[in-house]
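Visitor: build me a model:
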Amino acid sequence: MTSKDDLESKVKKIFESQWNVMEAKAVPTFKDLSPDNEAKKLKATVLYADMADSTDLVKHYPPDFAAEIYKAYLRCAATIINATIINNEGAITAYDGDRVMAVFLGDAKNDAAVRSAMEINYAVKNIINPLLQKHYPQYTYQLKHVIGIDTSELFVARIGVRKDSDLVWVGRAANYAAKLCSLSDKYATYITDDVFNAMSDDVKYGWENNPLVWVRRFWKARDNILIYRSKSTWPID
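Guide: Numbering: from 1, shown residues only. Purely as a prediction, here's the structure:
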């Protein structure tokens with residue numbers, strides 16, 4: 001049984017221990033870090049892909065149907081992300097209910113993350129929803145989703161105990177990418193100004209070379225910083 005003294009001792013050790021911070025060249029796993037105050041530091045781009053209105057899905061539809069939607073979306077997202085990552089410069093780092101988090105590294109990290117987002121949107125519009133309508137004509141449900149992307153320096157530490165260990169990703173990119181997913185699902189992809197400015201023209205203007213792929217707006221909930229949103233897709237052969 002846990003005691004107050006035991007918890008106080010653990011918290012005191014965390015607060016009093018010095019940090020050992022190392023530069024990372026690859027996406028760390030919890031096995032790369034000790035449970036003490038040890039961290040990896042890296043510059044990365046974070047993508048969160050999140051189903052919209054999943055609460056209504058589980059409330060109004062049978063559980064097996066809802067589970068199939070979850071699996072279809074997350075499996076497509078994961079397959080696309082893994083196919084976009086080149087030379088192991090990135091990895092899927094977490095599944096959290098109805099969303100997936102991925103971290104991209106390297107010079108092309110912003111292009112890779114944004115192209116992944118557009119391909120996921122293509123899969124939703126042209127694969128998942130058409131097959132959903134075909135197999136379940138009795139239901140009106142159509143999958144909607146939102147993807148958030150930001151880039152920054154990240155501080156990665158190990159949390160949890162023993163087999164329950166995981167990583168905490170501390171930094172703007174992890175926080176903003178997750179928060180962008182809460183914006184309107186009228187647009188599928190939201191990116192920060194830093195991501196937009198770092199993208200190549202090939203991704204910035206999309207496969208149709210359309211300058212209107214991205215719409216500027218100010219994010220009121222985050223001190224009116226400039227972000228971009230898009231409904232665009234990237235075709236999958």
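
Visitor: contacts, neighbours, all on C-alpha from now
Guide: Will do.

Visitor: what sits against the residue nearest the centre of the chain?
Guide: Centroid-nearest residue in the chain: Tyr48, 1.6 Å away (criterion: CA atoms, centre = their mean). Going by CA atoms under 8 Å, 6 or more residues apart in numbering, Tyr48 touches Arg99, Val100, Met101, Ala102, Ile147, Gly148, Ile149, Ala177, Ala178, Cys181.

Visitor: mind running it again at 6 Å?
Guide: By CA atoms under 6 Å, 6 or more residues apart in numbering, the residues touching Tyr48 are Val100, Met101, Ile147, Gly148, Ala177, Ala178.

Visitor: Asp64 and Tyr70: what is the separation?
Guide: Distance of Asp64 to Tyr70, computed by CA to CA, to the nearest Å: 10 Å.

Visitor: so for those two, which sits in the more crowded spot?
Guide: Tyr70 (18 against 10; other CA atoms under 10 Å).

Visitor: just how off-centre is the helix or strand hosting that one within its chain?
Guide: If you go by DSSP states H and E, Tyr70 is part of helix 63-84. Offset of helix 63-84 from its chain centre (CA atoms, centre = their mean, to the nearest Å): 14 Å.

Visitor: would you mark the buried spots in that helix?
Guide: Ala66, Ile69, Tyr70, Ala72, Tyr73, Leu74, Cys76, Ala77, Ala78, Ile80, Ile81, Thr84 (16 or more other CA atoms under 10 Å).

Visitor: skip the chain neighbours and tell me the closest residue to Thr29.
Guide: Distances taken as CA to CA, 6 or more residues apart in numbering place Leu167 nearest to Thr29, at 7.2 Å, with adjacent residues excluded.
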